[in-house]
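K.L.:
Structure of the sequence below:
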Amino acid sequence: MNTMKNTLPSRRDLLGLAGSAVAAAALPGLAWASDGKPVRLLVGFPAGGGTDAIARLLAERLKDLLGAPVIVENRPGAGGQLAAQALKAAPADGTTLFLSHDHTISILPLVVRNPGYEPARDFVPVAGFATFVNALALSGGTPARSVAEYVAWVRAQGQGKGAIGVPAPASVPEFLVQVIGRTYGLDLVAAPYRGSAPMMNDMLGHQIAAGVGSIPDFIESHKAGRIRVVAVLGGARQAALPDVPTFAELGLAGFEDVPYYGVFAPAGTPRAAIDGFSAALGKVLAQPDVRERLTAMGLSVGLMSAAQLGEREAAYARVWSRIIAASGFKPQ
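P.N.:
As a prediction, this is how the structure comes out:
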């Protein structure tokens, strides 16, 4: 499991890129190439989830900088696969972009035999803007208030058997459920949903006792006391959840590196469009209230150039290809 360590850029390196937002915005000649046409920002998950909230915040600020409407278009289904297929079919003119985290771009091609797209061939990176961590959260209907109490509760209630929700099948959260089960000697089954929003609905309705997902998916309900985040991945505690321990602190090491959020375009999109969007995104990230809101969602904010996002995506895919192969999972 420790193969992930030092394989990807560190969180400190990514946060150090934040200053490049201002530099990118100041570069001359990066005119947006859509000539005022509306920009579709595809999101592969339902409205109401963490990714959707992030996309809508950025879209609202980007429209003035791009001089064009930015419309968030939800294409939920198959862990973002439908949105990625829509991006592949879209014209490569800068008017259709895809805001995605690691699952659709890096993980799905490793676990699905024919997802309908090949990221390296069909897409080009535009810019990355944040990293985040996954976490284990418990429903408010579960009496446990820590990982140790959850483990004891599962053993008492179900003889060591339990289900944990995940926002998509064959996702990083699903593999994490397997690791949690092995680590604590539990027979845990991942219950896949079509996105984080329906998973959260079941957690809030006490239909499922626990879920693994991203901090942006959980944080508002955690702060409201409706669910409890009891452990986070990553190499350090999260600024938004300083009292929640890392899994490494609890003895589950090997997941210190973190996934990413980025924007992608169809292959062949003009460089002017890519550079123009990256510059505009840099200006948005430099706005203090935007950084504060994204940080409050549990993101570590920092602009990554197209090249840096591409390098990170490729490295992340290499690491998880080894972990997935070691788990015995066969692409379906």
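
K.L.:
Confirm that residue 71 sits in a helix.
P.N.:
No - Residue 71 is assigned strand when assessed by DSSP: H, G, I helix; E, B strand; the rest coil, not a helix.

K.L.:
residues touching it, list them.
P.N.:
Listed by Cβ atoms under 8 Å, 6 or more residues apart in numbering, the contact set of residue 71 reads 38, 39, 40, 41, 59. For the C-beta atoms, the positions are set from N, CA and C on the backbone; glycine is no exception.

K.L.:
Looking at these, which one is closest to residue 324?
P.N.:
Nearest to residue 324 among the contacts of residue 71: residue 41, at 29.0 Å, using Cβ to Cβ.

K.L.:
State the paired neighbours of the strand or helix carrying that closest one in the sheet, together with their directions.
P.N.:
Assigning secondary structure by DSSP states H and E places residue 41 in strand 39-43. Using DSSP bridges, strand 39-43 pairs in its sheet with strand 70-74 (parallel), strand 96-101 (parallel).

K.L.:
Just send those back as CSV, with distance to residue 248 too.
P.N.:
Formatted as CSV, those follow (distance: least, Cβ to Cβ, whole Å):
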stretch, distance to residue 248
strand 70-74, 35
strand 96-101, 21
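
K.L.:
ok so, going back, can you tell me which of the contacts of residue 71 has the most neighbours?
P.N.:
The most crowded member of the contacts of residue 71, judged by other Cβ atoms under 10 Å, is residue 39 (22 neighbours).

K.L.:
for the contacts of residue 71, which one is nearest residue 91?
P.N.:
For those, the nearest to residue 91 is residue 40 (10.3 Å; Cβ to Cβ).

K.L.:
The stretch 51-200 of the chain: helices as residue ranges?
P.N.:
81-89, 102, 108-111, 119-122, 147-158, 172-184, 196-204 (DSSP state H, counting those that start in this stretch).

K.L.:
List of residues touching the fourth one?
P.N.:
Helix 119-122 is contacted by residues 87, 88, 105, 106, 109, 264, 266, 267, 313, 314 when judged by Cβ under 8 Å, 6+ apart.

K.L.:
next one: the last one
P.N.:
Contacts of helix 196-204 from elsewhere in the structure, counted by Cβ under 8 Å, 6+ apart, are 45-52, 137, 139-140, 165-167, 193, 208, 210-211, 213-214, 217-218, 221, 226-227.

K.L.:
The third one too?
P.N.:
Applying Cβ under 8 Å, 6+ apart, the external contacts of helix 108-111 come out as 78-81, 84, 115, 117-119, 170, 317, 320-321, 324, 329, 331-332.

K.L.:
what sits opposite the spatially most central residue of the chain in the beta ladder?
P.N.:
What sits nearest the mean C-alpha location of the chain, by Cα atoms, centre = their mean, is residue 101, with 3.6 Å. Counting by DSSP bridges, residue 101 is bridged to residue 261.

K.L.:
pretty sure it contacts residue 213?
P.N.:
No - assessed by Cβ atoms under 8 Å, residue 101 is found out of contact with residue 213, at 10.8 Å.

K.L.:
Between the two, which contacts overlap?
P.N.:
In contact with both residue 101 and residue 213: no residue, using Cβ under 8 Å, 6+ apart.

K.L.:
before we move on, the earlier item: emit the PyMOL select command for whichever of the contacts of helix 196-204 are buried.
P.N.:
Selection command for PyMOL covering only the buried members of those, criterion 16 or more other Cβ atoms under 10 Å:
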select buried, resi 45+46+49+50+51+52+137+139+140+165+166+167+193+208+210+211+213+214+217+218+221+227
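
K.L.:
Scan the helices and strands of the protein for the one with the lowest mean pLDDT.
P.N.:
helix 20-26 (a mean of 37; mean pLDDT, DSSP states H and E).

K.L.:
Quick one: residues contacting the closest residue in space to residue 238 that isn't next to it in sequence.
P.N.:
Using Cβ to Cβ, 6 or more residues apart in numbering and skipping the chain neighbours, the partner closest in space to residue 238 is residue 232 (5.5 Å). Shown in contact with residue 232 (Cβ under 8 Å, 6+ apart): 133, 134, 135, 136, 215, 238, 241, 244, 245, 246, 247.

K.L.:
Selecting buried members of those residues in ChimeraX, what would you type?
P.N.:
Listed next is the ChimeraX selection for buried residues among the contacts of residue 232, using 16+ other Cβ under 10 Å:
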select :133,134,135,136,215,238,241,244,246,247
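
K.L.:
Just send the contacts of residue 232 back as TSV, with pLDDT and distance to residue 292 too.
P.N.:
Shown next, in TSV, are these (pLDDT from 0 to 100; distance: Cβ to Cβ, whole Å):
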residue	pLDDT	distance to residue 292
133	90	19
134	92	22
135	95	21
136	97	26
215	91	15
238	89	15
241	93	16
244	96	20
245	96	25
246	94	23
247	90	27
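
K.L.:
would you turn the contacts of residue 232 into CSV with distance to residue 302?
P.N.:
Formatted as CSV, the contacts of residue 232 follow (distance: Cβ to Cβ, whole Å):
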residue, distance to residue 302
133, 15
134, 19
135, 20
136, 25
215, 16
238, 15
241, 19
244, 22
245, 24
246, 20
247, 23
